[in-house]
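# Build the 3D model from these lines:
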Amino acid sequence: MARVDSRPKRLYVEADLAGGTVVRADRKQSHYLLDVLRLADNDTVLLFNGRDGEWQARLVTGPARSLGIEVVERTRKQDAAGNLDYLFAPLKHARLDYMVEKAVEMGASRLRPVLTRYTQTQRVNLDRMRKNAIEAAEQCGTLRLPELVEPQPLATVLTSWEAERVLIFCDEAADPSDPVAALSGARTETLAGPMPIAVLVGPEGGFAPDERAMLLKLPHAIRLSLGPRILRADTAAVAALALVQATLGDGR
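The predicted model follows:
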């Protein structure tokens, strides 16, 4: 993977991007660029929208502190969409913010909250999740945002599961073993070619016996231990996604 230049400020925008067009910054973007970063006319930023790649652009200030961003030239072509789902039992606000940020940094292409027997938080603010996903995407150099899915009961998700998608679920009740070896062996035995992958981290109370049984019935389910210590759910997200990306994903 090519190294991303992280020095210019990157902004996610909704507008189409092409050379010569001008994107109007919203109030929050204007405040951040002009007042926080103290940028001025002709200073450079990078823009992306998840469709048209990444573009170098320059600031053009107008009357009444209006701010335009003139698109100059493309610096990176749009990459192909990833196929890594991250499924998780919802967490409280601060920990969910952290988890979303790290999942985006680790390359998750879809974030799917699932409600389990022991899930403690039933509601998910998708607007807040999107805000955190945008901020993480701007920082880490990715060219697209993950898809955000409305929360669903775990049983509902598993009932309509894609048969070809590998599900790696982290289970604190699993026998501790070498997770890298377990995943590498799965590539030999289960993943003969490129296949879509999903990673599931449950609530801190773990999975109920009937939930674990449903998971193990899936055609490509891998039960994974993250070691001898019980991790918090947001810590488990980082550990699991790092392992999966290093052995099966785009970190290989």
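# Just give me the neighbour total for Val180.
Around Val180 sit 11 other residues, with neighbours defined as other Cβ atoms under 10 Å. In short, each C-beta sits where N, CA and C put it, glycine included.
# per-residue confidence averaged over the biggest strand by length in the chain?
Ranked by residue count and defined by DSSP state E, the top strand of the chain is strand 67-76. Strand 67-76 comes out with an average pLDDT of 96.
# who touches Leu47 in this structure?
Neighbouring residues of Leu47 by Cβ atoms under 8 Å, 6 or more residues apart in numbering: 10-13, 17, 23, 54-55, 57, 69, 71.
# now do Ala239
When the contact criterion is Cβ under 8 Å, 6+ apart, the partners of Ala239 are 226-227, 231.
# okay if I get those as a markdown table plus pLDDT?
Below are these laid out as a markdown table (pLDDT from 0 to 100):
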| residue | pLDDT |
| --- | --- |
| Leu226 | 85 |
| Gly227 | 80 |
| Leu231 | 84 |
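# any low-confidence regions in the stretch 51-200 of the chain?
Applying pLDDT under 70 to the stretch 51-200 of the chain picks out residues 185-194.
# ok, the nearest residue to Leu39 once chain neighbours are set aside to Arg10 distance?
Nearest residue to Leu39, sequence neighbours excluded (Cβ to Cβ, 6 or more residues apart in numbering): Leu33, at 4.9 Å. Using Cβ to Cβ, to the nearest Å, one gets 12 Å for the distance from Leu33 to Arg10.
# can you list residues touching both of these two?
Jointly contacting Leu33 and Arg10 under the rule Cβ under 8 Å, 6+ apart are Val45.
# that older thread, buried subset of the contacts of Ala239?
226, 231 (16 or more other Cβ atoms under 10 Å).
# Can you give me the neighbour number for Leu11?
A total of 19 residues lie near Leu11 under the criterion other Cβ under 10 Å.
# What does the pLDDT read for it?
Looking at Leu11, its pLDDT stands at 95.
# That one falls within a strand, correct?
Yes: assignment of Leu11 by DSSP: H, G, I helix; E, B strand; the rest coil places it within a strand.
# Quick check: it touching Gln29?
Yes: under the contact definition of Cβ atoms under 8 Å, Leu11 touches Gln29, with a separation of 6.3 Å.
# And for Arg165, nearest residue in space, chain neighbours not counted?
Closest residue to Arg165 apart from its sequence neighbours, by Cβ to Cβ, 6+ apart: Pro196 at 4.5 Å.
# got the contact list for that neighbour?
When the contact criterion is Cβ under 8 Å, 6+ apart, the partners of Pro196 are 83-85, 162, 164-166.
# mind redoing it with 10 Å?
Residues touching Pro196, when contacts are defined by Cβ atoms under 10 Å, 6 or more residues apart in numbering, comprise 82-85, 109-110, 162, 164-167, 220.
# Same question for Val104.
Residues in contact with Val104, defined by Cβ under 10 Å, 6+ apart, are 86, 111, 129, 132-140, 142, 144-146.
# so Ala57 is in which element?
With elements taken from DSSP states H and E, the one containing Ala57 is strand 54-61.
# With Glu150 instead?
In the assignment (DSSP H and E), Glu150 maps to no helix and no strand.
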